[in-house]
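**Q** with the sequence up front, the predicted model follows.
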Amino acid sequence: MADVTVARYSFEGEKFEILVRPDPALDYKLGRGKGGGGDLSKVLVSDEIYSDSGKGTKPPAEKLARAFGTTDAAAAARIILEKGEINMTTEQRRRLVEEKRKQVVESIAKSFVDPRSHLPHPPLRIERAMKDARVSIDPQRGAQDQVKDVVEKIRGVIPLRSENLELVVVVPPQYAAQSYSALKSAGTIKSEEWLPNGSLKAILEIPAAARPRVIDRLGSVTKGTATAEVRR
């Protein structure tokens, strides 16, 4: 049935399965709407734990206890959902792959630069490099967990380097207070100095790829009155 799928978990060679509703199960797996411990009634089709749901076979109580530390079906189901894998529908897989791909591209664009220009690659160029390198995205792995592998694969297509730079930032007195939190969230403040006229001068260390974004953010906060120059 289209409204039922299987979540699987293996422990010491033993398989455990539960029948779940596809979208609620995936939301639970991804941590969406799990407040209050999660409402399993919206996820589970039944309270049964199977060793093979297709055949309807169930594991003995001692195997449940060894794998989950309990024979309580709800507790075991939570572990299966959180640690196991969900047999996703084709549409779920497509949506999740696209979502994770965008997250990977965004992370690379924020953290890596072209070593020749010291500027980040545009997202479209990164996407094309991933296509040329035949990169596959795993929908059930976190996007950040896949960034390192993706970078290694596309380095043969486009040059990438992770590097930091220091900006010398000067903010006029009327914007100094609200700019300080923006600077802290953008990178590491290596030093700060309050100038005689009340302006804030700070040395900010950031990923080189974040430079355009940080300057845009600073310009927005200070109405374009702050200066930010790369420290030589």
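**A** That came through, no problem.

**Q** strands along the protein, start to end?
**A** Secondary structure of the chain (DSSP state E): strands at 5-11, 14-20, 85-86, 164-171, 188-194, 200-207, 227-230.

**Q** adjacent strands (with direction) for the shortest one?
**A** Strand 85-86 has the following sheet partners, assigned by DSSP bridges: strand 5-11 (antiparallel).

**Q** now swap in the fourth one and tell me
**A** Paired neighbours of strand 164-171 in the sheet (DSSP bridges): strand 200-207 (antiparallel), strand 227-230 (antiparallel).

**Q** quick one: the helices in the chain?
**A** In the chain, the helices defined using DSSP state H lie at 22-29, 61-68, 73-83, 90-111, 123-132, 143-154, 173-186, 211-222.

**Q** ranking these by burial, who's on top?
**A** helix 22-29 (a mean of 21; mean count of other CB atoms under 10 Å). Heads up, the C-betas are built off the backbone N, CA and C, glycines and all.

**Q** CA atoms only for that one, dumped as PDB, please.
**A** Output of helix 22-29 as PDB, limited to C-alpha atoms (Å, rounded to 0.1, in the frame of the first residue of the first chain):
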ATOM      1  CA  PRO A  22       5.900   7.400   4.900                       C
ATOM      2  CA  ASP A  23       5.700  11.200   5.500                       C
ATOM      3  CA  PRO A  24       5.200  11.200   9.300                       C
ATOM      4  CA  ALA A  25       8.000   8.600   9.600                       C
ATOM      5  CA  LEU A  26      10.400  10.700   7.500                       C
ATOM      6  CA  ASP A  27       9.500  13.900   9.400                       C
ATOM      7  CA  TYR A  28      10.300  12.000  12.700                       C
ATOM      8  CA  LYS A  29      13.600  10.700  11.300                       C
END
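
**Q** which elements pack onto it?
**A** Counting contacts by 3 or more CB pairs under 8 Å, 6 or more residues apart in numbering; DSSP states H and E, helix 22-29 packs against strand 5-11, helix 73-83, strand 85-86, helix 90-111.

**Q** taking strand 5-11 as reference, get the angle to that helix.
**A** If you take axes from the mean of the first three to the mean of the last three CA atoms, to 10 degrees, helix 22-29 sits at 40 degrees to strand 5-11.

**Q** what mean pLDDT does helix 22-29 have?
**A** For helix 22-29, mean pLDDT rounds to 90.

**Q** number the chain from 49, please
**A** Happy to do that; since the first residue is 49 now, the last one works out to helix 70-77.

**Q** any idea how far K148 lies from K271?
**A** Separation of K148 from K271 (CB to CB, to the nearest Å): 37 Å.

**Q** pLDDT at M49, what is it?
**A** Note for M49: predicted pLDDT of 46.

**Q** mind giving me the domain ranges of the chain?
**A** Following automatic domain parsing, one gets these domains for the chain: 53-134, 138-202, 212-278.

**Q** check contacts around the residue nearest to I128 when sequence neighbours are not counted.
**A** Distances taken as CB to CB, 6 or more residues apart in numbering put Y57 closest to I128, at 4.2 Å, once the chain neighbours are dropped. Counting by CB atoms under 8 Å, 6 or more residues apart in numbering, Y57 touches K63, F64, E65, A115, I127, I128, K131, G132, E133.
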